[in-house]
Each structure stands twice: as structure tokens, then as C-alpha cells.
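Q: Let me see the structure of the following:
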Amino acid sequence: MSIGFPDGKSFEFQGKIEGKISFPARGSKGFGYDPIFVPIGENKTFAQINKNKKNKISHRYKAFIKIKKYFKFS
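A: Numbering: from 1, shown residues only. Below you'll find the model as predicted:
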């Protein structure tokens, strides 16, 4: 995720999640690669995992936490 400020400064925050690709696609929730991505420690694809659980382990969530810390300590 990136944050841009009016003065031209910008900051990038990266979140990562590791996993494996699974074929065939499984599940109907989510979008994009969700039906084929299985996070490490799970046996279900992102498209099969409960939305709340997915949101707590996703790379987007991890990046957002970093943004939140940036604003808290800036």
C-alpha cells in the first residue's frame, strides 16, 4: 500500500503472506487468485476461508497495520 501526501512525499508499506497455488480452483468467495491460493498453515483457499479470518491474515491487512503504526508514531 502507498500513501501520498500533498507535498509530494510518499511512503510504501508491504505486507506478505506465503502459501501455495492449488488446482483446480476451489471456493466461490473473494476475487482474483483467491480460489487458487492456499496460505501456509491452512488447507483451504482464500475463496473458502471465512472473510473475517482471511482479512486478518492477508497481505493487505499486514500492510495496513504498518500504515496504522506509521501514523501512530509520526
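
Q: in terms of contact, does Lys54 touch Thr45 like I think?
A: No - counting by C-beta atoms under 8 Å, Lys54 stays clear of Thr45, with 9.7 Å between them. C-beta: built from backbone N, CA, C; applies to glycine.

Q: Compute the first-to-last residue distance for stretch 47-60.
A: By C-alpha to C-alpha, to the nearest Å, the extent of stretch 47-60 from end to end equals 15 Å.

Q: Next, the buried residues of it.
A: Residues of stretch 47-60 classed as buried by neighbour count (16 or more other C-beta atoms under 10 Å): Ala47, Gln48, Ile49, Lys54, Ile57, Ser58.

Q: rewinding a little: what do Lys54 and Thr45 both touch?
A: Both Lys54 and Thr45 are contacted by Asp34, under the criterion C-beta atoms under 8 Å, 6 or more residues apart in numbering.

Q: What segments of the protein are helices?
A: Taking DSSP state H as the test, the helices found in the chain are 51-57, 59-73.

Q: now the ones you listed in TSV, with mean pLDDT?
A: Shown next, in TSV, are the helices of the chain (pLDDT from 0 to 100):
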stretch	mean pLDDT
helix 51-57	91
helix 59-73	90
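
Q: Which of those sits closest to Ser2?
A: Closest to Ser2 of those is helix 59-73 (C-beta to C-beta; 9.2 Å).

Q: How about residues contacting the closest one?
A: Surrounding helix 59-73, the residues in contact under the criterion C-beta under 8 Å, 6+ apart are Met1, Ile3, Phe11, Phe13, Gln14, Gly15, Lys16, Ile17, Asn55.

Q: Take the helices of the chain and lay them out in a markdown table including distance to Ile40.
A: As requested, these are exported to a markdown table (distance: least, C-beta to C-beta, whole Å):
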| stretch | distance to Ile40 |
| --- | --- |
| helix 51-57 | 10 |
| helix 59-73 | 13 |
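
Q: Kind regards, and thank you for your time.
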